[in-house]
Structure formats: C-alpha cells, structure tokens
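Visitor: quick one: sequence plus predicted model below, questions after.
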2 protein chains.
Amino acid sequence: MELLDEDTLIARYFAPIAGPAGLRLLDDAAVLTPPAGMDLVVTADALVAGIHFFADDPAGSIARKALAVNLSDLAAKGAEPLGFVLTLALQAGRTADWLGGFAAGLAEEAASAACPLLGGDTVRTPGPLTLSITAFGTVPHGRMVRRTGAAAGDRLYVTGTIGDAALGLRLRCGDIPNLGQGERDHLLDRFLHPRARLALRAALLAHAHGAMDVSDGFVGDLAKMMRASGATAEVDLSAVPLSPAARATIAAAPELFDVAVTGGDDYEILAAVPLAEVAAFERAAMAAGVAAAPIGAVLPGTAPPRFRAADGTARSFGRGSFSHF
Amino acid sequence: MELLDEDTLIARYFAPIAGPAGLRLLDDAAVLTPPAGMDLVVTADALVAGIHFFADDPAGSIARKALAVNLSDLAAKGAEPLGFVLTLALQAGRTADWLGGFAAGLAEEAASAACPLLGGDTVRTPGPLTLSITAFGTVPHGRMVRRTGAAAGDRLYVTGTIGDAALGLRLRCGDIPNLGQGERDHLLDRFLHPRARLALRAALLAHAHGAMDVSDGFVGDLAKMMRASGATAEVDLSAVPLSPAARATIAAAPELFDVAVTGGDDYEILAAVPLAEVAAFERAAMAAGVAAAPIGAVLPGTAPPRFRAADGTARSFGRGSFSHF
C-alpha cells in the first residue's frame, strides 16, 4: 500500500471531479457566482460506516450514496444542482484501489447530476469512515418548495416505490428467505444505490404546495411534514406504491409491510399538490418519466396522520421512522 | 441521562442559533438569497476527536474551534461570513449537559462573527466525535483573495503570532517543563480557541495579491502558497512573530522553535502584498487592530522557499507542515 499525502490525494482523485468554481481544489475555498434572480438552496447530510452503509460496501457505491442522498434533498426542494463540497474522514489502511473506486463512483454521480465537486477536506480518523456532503442548488427567487407548505385539501403523492431499501437492508443482514435472485438484486441495489428524483424538479416547482424527500421512513416522514405544515393527513396504505420485489417479499412475510413503510433510505419524494393542480402535476411527472402515486389527502388539524388498510381498518405504527437517537 | 430524538435535539439546541435562512431548521434545506453583485465563497473543514481536538476538551471549546477554523478560511479569502451548516456525528453517551455546552459555544462563536447556523445533520457514530462545517461568505464579484495570487516582488506578511497553538498542544501532552502559569494559559488557550482574523478582511481585499490561512504549519503552508502561485520566497525567521509565551518556551528549549514554525493550528493569515501597497496595507491592518509582521519577500522561481536564521544561515525543515496522510 502506498502512503499518500493530502495534496497528492486531492490532485490525483478529487481534482478531476472539480468544476471551475472549485479552482482545481488548489485554494482554501471555492467561489461561486450565483445566477442572478436565483436563490441558493443548501443541504447537508453525513454518513457513517456501520450506520448508513456497510464498511465493506464497494467504495464507489459509498461515494454514490453520499452524494445521492444530498441530491435527493435538492430534488425535493425543486432545486437544480450547482455543486457540492465533501469532507471525508478516512481510516488508515484505505488503499489506492479503494480511493480510486471511491473517486470513480463520486465522479459518476456528480456527472449524472451535473453537480461538480467544489472543495472539501480530507482528514484521518481512528474511527469508522465518515463522509459529510454539503450540496448547493438553485431555484427561482422565493420558489423553494418547502416542507411546511402542505395545506388542507391537497392531494398527497409519493414517487417511485416505497420500502425497497429497507427490505434490501434486511436482506443484506440475511433475514429474508425464499426470494428469487432478480428480486434480491433489485432490493439490494435500491439499498446500495439511491437515485435522486431530480427529474421531478420542474413538476414540483410548478405545481406542489410542499414536498420533502422520504429518507427516514415513509410513515414518520409524512408525520414530520404534516407537523411542519400544521396539518394532518389520511393515507390509503393500499395505494402506497410497492415494487414487484417488495410485493413478493411481503406476500411471503406479511409482517415486513411495516418495515417497508417505516424503514428508511427510500429517497423518494412526498409532495402535497392542490386539487386544482393535480392533473397538471400528474402530466408533468409523467412527462419527466417519474411515477407519482396519489396516496391520500392533507386534512385540517394537528392530530397524527391516519393510515387505513385496504379493508378500511385503521393502522398505527409503533415507530414511524428511523431515528439515530 | 436523557435520550433525545433528533428533532428534539435540533429544536432544543440548534434552532436557537439558526438565522432566518435556516427556516428554523424545520426544512430539509436552507435557502439563501445571495446579495446582488457578490460572489459566494465556500469552505469546509472536518474535525475528529483525538486528531484535531481532545475528546475531553470542553464541549463549548470544541464547537468554537470547529466554526473558527472555517471562519479563518473565510477571513483569508477576504470574505464576510454569511452562515454555515454543521454535520455532527455523535457518540452515544453525550449528555444533555454536553450538548448544552456545545450549543452555547457554537452560538457564541456564530454571534461574534455574525455567521448564523443554516442547517445540517446530526447522526450517531460508534467512533470518535466528528464534526464537519461548511461555511459561506461573500466577496464583491471577482474579488476573492486567492492562494494563487502571490507575485514575485510582493512582501510577505503574517498576522498575530506563530507557534502558540503547536506549543500549547505540546504542553497539553505534558512535555514543556518550567513554564509560568500565565504562559501556560496563553499557549493552551491558543490551542483550544483559535480566533479567525476576520478584522483583516478589508485590508486583504483592498491591498493583497494573495493570501491563505496558516492552519497546517507556517513553513509548510508558505511553501504551499508559493507552489500554488508559481513562485518562491525568502523568509527571515527572526522576523516571524512569536508571543512572549512562545519566546520563553523556546528560550528554555531551543529545539521547540521548529515545532513553533512547522506545527499547525495557528489560524493566522499569510498575505502577499505588492510593494506599492505595503504602506496602505500596514495602515489598514493597524486600523483593524490586527498585527501584521513583514517576514520576507516573494521571489521568481519554483525552488522551495528559503528560510534564513538571524545570523544569515539557511535553515531547512524536515517536515514543513502537519499532514494527516
């Protein structure tokens, strides 16, 4: 194993991912000229080996996930990615191969979202690999889609499918028997490689009252959005979109439905759309190639959201979302 | 000990430090409207317990240092602080007392620099406490003071005093005997509580060709700035400003001079000023209340910088700066 000083590490692995604002990562800081008339949207997420990913996940997958979870926040706010900074606390013993894989994954995700690296910091840690990304995006002035914007009467939508990553994590830990290889691959990939719904940005900006990304579990994140908006909701659980792999899993082990709707790492978008806009929102989402399923309605009041099963009975969940604390 | 969920932790400890752009930390993202005609300067630094500070340092001191080291980068770029985001990877077992102290230190540093908290993320780690801060500042469009801007003929200045923090770290580890209590307190405080030279911003913007903050050791950071600028330098080591405490330490143990000029954590500013501007720069620094000592000159060429002792002999340093790798 080769020992690298920080400057070599930056020059070799990270400078090639840097955008012009990153000044070839030669300075202490990046400089951005924000486009006129636009607001800057800023979001930050940290990931720790053993908590948010497995230390032996492929290096490129770890990098992709760290950036994707931040891009997911930008997508939910209707923001177009502008760039990101990365701080990386590395253990001794990460090889040049590992770093090469990490940088390649990061470069791939950055390029696919047109979101260049602007700068950051690389430090040594005696503990687990820890990454922190701060990502920047732009929205027209005053137009960021807020978590607080849901209003009584709005229809609630969720993109993609819910629960795949939480089931993928269960699978990674070995406790879902009798699943076909294709279904296994789908769930594991959804856990390893979240995909930010950036294509939905324009539809959200044009038609949504409020939105957030579903990262800590659908049930809990929905409750969080309703609290932040001073409203409540009624959700039809049978309308919550599930992938064929998740359906197969739940058919074999019905108790895993709760894992699917309360587990984390979906990185889908939950949006509240006023009734007058639902037709236009659905058309815009379809045009963008993003499935968006209507799952319920925002209601007045501050009670916890109500969840109803297909037979009309009320369901409650002991623990609505993933919490680190 | 009380167990806190993440939302309570944010509402209780961090929301009071948030600026308006932080949206009471209720959203997934912050939104900034960058002032017209200004560029945004972005910098990020990570700190790990056991590497950048001691795990048993006072919680408030850890928070102050994490923000100050980022403010120092903004100061060196001539940028006025606008806000910051914090990601915090916390171990289990940090008490409400600890968090209260941490938040109080963070609030104090943020208020003194008019640099509000905009958002962030709090996660659990099985490893050491790890903090990452991304800080934002503004400069007039096109005016960020670059590390790459030093030009042959410029005079080199360094602010404050060099080496206190590195000697403070030695002292913290117990290996400087026979030092008075006032001197000990000074060195320990300089290690624990870096103070960003934000007051020098206007002088740098108006008069400097280039600047960087001295964070990884004076000798190595100077070499780094010269490399980035495509120049070299000659430095008069007897002109490098030392505090009375550092002078007393070095008088008793002359070998510690090398620790002072190569150790890290100074958070002073190294600036290259064209000769036509030196008088105005010195006046502006004095008016700002920041001591700035002339220590040498930028020269043409790409050889490593030359360091001369008081008697004119050349000095070299095996290891010019702190590197994590």
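Guide: That came through, no problem. Numbering: from 1, shown residues only, chains lettered A, B, ... in the order given.

Visitor: wait, residue A:206 sits on residue A:284?
Guide: Yes - using CB atoms under 8 Å, residue A:206 is in contact with residue A:284, at 6.3 Å. (Glycine included, C-beta is placed from N, CA and C.)

Visitor: which of those two has more neighbours?
Guide: Taking other CB atoms under 10 Å in any protein chain shown, residue A:206 and residue A:284 do not tie; residue A:284 has more neighbours (20 against 13).

Visitor: residue A:71 reaches residue A:201, doesn't it?
Guide: No - assessed by CB under 8 Å, residue A:71 is found out of contact with residue A:201, at 10.6 Å.

Visitor: those two: which is more packed in?
Guide: Per other CB under 10 Å, whichever of residue A:71 and residue A:201 has more neighbours is residue A:71, with 28 against 24.

Visitor: quick check: the more buried one vs residue A:196, distance?
Guide: Distance of residue A:71 to residue A:196, computed by CB to CB, to the nearest Å: 4 Å.

Visitor: intersection of neighbour lists for those two?
Guide: Listed as contacting both residue A:71 and residue A:196 by CB atoms under 8 Å, 6 or more residues apart in numbering or on different chains are residue A:113.

Visitor: show me the shaky parts of the stretch 1-150 of chain A.
Guide: For the stretch 1-150 of chain A, the stretches with pLDDT under 70 are A:1-5, A:19, A:21-24.

Visitor: where does it get nearest to chain B, residue-wise?
Guide: Distances between the stretch 1-150 of chain A and chain B by CB to the nearest CB are smallest at residue A:127, namely 2.0 Å.

Visitor: and the closest residue to that residue other than its chain neighbours, how far from residue A:99?
Guide: Distances taken as CB to CB, 6 or more residues apart in numbering or on different chains place residue B:127 nearest to residue A:127, at 2.0 Å, with adjacent residues excluded. Residue B:127 is 20 Å from residue A:99, where distance means CB to CB.

Visitor: likewise residue A:284?
Guide: 41 Å.

Visitor: dig out what residue A:120 forms beta bridges with.
Guide: With DSSP bridges as the criterion, residue A:120 is bridged to residue A:86.

Visitor: residues near it, how many?
Guide: There are 27 residues near residue A:120, going by other CB under 10 Å.

Visitor: got the contact list for it?
Guide: Residues near residue A:120 by CB under 8 Å, 6+ apart: A:14, A:25, A:85, A:86, A:87, A:88, B:44.

Visitor: repeat that with 10 Å
Guide: Contact partners of residue A:120, counting by CB atoms under 10 Å, 6 or more residues apart in numbering or on different chains, are A:10, A:14, A:18, A:22, A:25, A:30, A:84-88, A:131-134, B:42-46, B:132, B:134.

Visitor: skipping adjacent residues, who's closest to residue A:290 in space?
Guide: What sits nearest to residue A:290 in space, not counting adjacent residues and going by CB to CB, 6+ apart, is residue A:200, at 4.7 Å.

Visitor: surely the one you found is in a helix?
Guide: Yes - counting by DSSP: H, G, I helix; E, B strand; the rest coil, residue A:200 is part of a helix.

Visitor: residues contacting it?
Guide: A:75-76, A:78, A:157, A:159-160, A:208, A:211, A:268-269, A:271, A:281, A:284-285, A:288-292.

Visitor: hmm, back to that, can you classify the residue of the stretch 1-150 of chain A closest to chain B as helix, strand or coil?
Guide: Relying on three-state DSSP, one would call residue A:127 coil.

Visitor: from what I see, it and residue A:51 are in contact.
Guide: No - using CB atoms under 10 Å as the test, residue A:127 is too far from residue A:51 to be in contact (11.2 Å).

Visitor: anything in contact with each of residue A:71 and residue A:201?
Guide: Here residue A:71 and residue A:201 have A:79, A:81, A:137 as joint contacts, going by CB under 10 Å, 6+ apart.

Visitor: more neighbours: which of residue A:127 and residue A:51?
Guide: Ranked by neighbour count (other CB under 10 Å), residue A:127 and residue A:51 place residue A:127 first, with 22 against 17.

Visitor: dump the residue contacts of the more buried one.
Guide: A:48-50, A:89, A:91, B:48-51, B:89, B:91, B:125-130.

Visitor: do that again at 7 Å, thanks
Guide: B:125, B:127, B:128 (CB atoms under 7 Å, 6 or more residues apart in numbering or on different chains).

Visitor: element containing residue A:297?
Guide: strand A:292-299 (DSSP states H and E).

Visitor: list the contacts for the spatially closest residue to residue A:125 that is not a sequence neighbour?
Guide: Leaving aside its chain neighbours, residue A:125 sits nearest to residue A:89 (3.8 Å; criterion: CB to CB, 6+ apart). The neighbourhood of residue A:89, defined by CB under 7 Å, 6+ apart, consists of A:123, A:125, A:129, A:130, B:46, B:48, B:130.

Visitor: again, only this time at 6 Å
Guide: A:123, A:125, A:130, B:46, B:48, B:130 (CB atoms under 6 Å, 6 or more residues apart in numbering or on different chains).

Visitor: likewise residue A:303?
Guide: With CB under 6 Å, 6+ apart, residue A:303 has these contacts: residue A:232.

Visitor: how is it assigned, secondary-structure-wise?
Guide: Applying three-state DSSP: residue A:303 is coil.

Visitor: near residue A:66, how many other residues are there?
Guide: There are 25 residues near residue A:66, going by other CB under 10 Å.

Visitor: before we move on, what about residue A:179?
Guide: 18.

Visitor: okay, it: pLDDT?
Guide: Note on residue A:179: pLDDT of 89.

Visitor: quick check: it is in a helix.
Guide: No - secondary structure of residue A:179 (three-state DSSP): coil, not part of a helix.

Visitor: ok, it to residue A:246 distance?
Guide: For residue A:179, the distance to residue A:246 - CB to CB - is 10 Å.

Visitor: chain B contacts on the stretch 101-250 of chain A?
Guide: Contacts of the stretch 101-250 of chain A with chain B, taken as CB under 6 Å from any CB of the partner chain, map to A:118, A:120-121, A:123-128, A:130, A:132, A:134, A:144, A:146-147, A:212, A:228.

Visitor: count of neighbours near residue A:294?
Guide: Counted with other CB under 10 Å, the neighbours of residue A:294 add up to 15.

Visitor: let me see the contact set for it.
Guide: Residues near residue A:294 by CB under 6 Å, 6+ apart: A:155, A:157.
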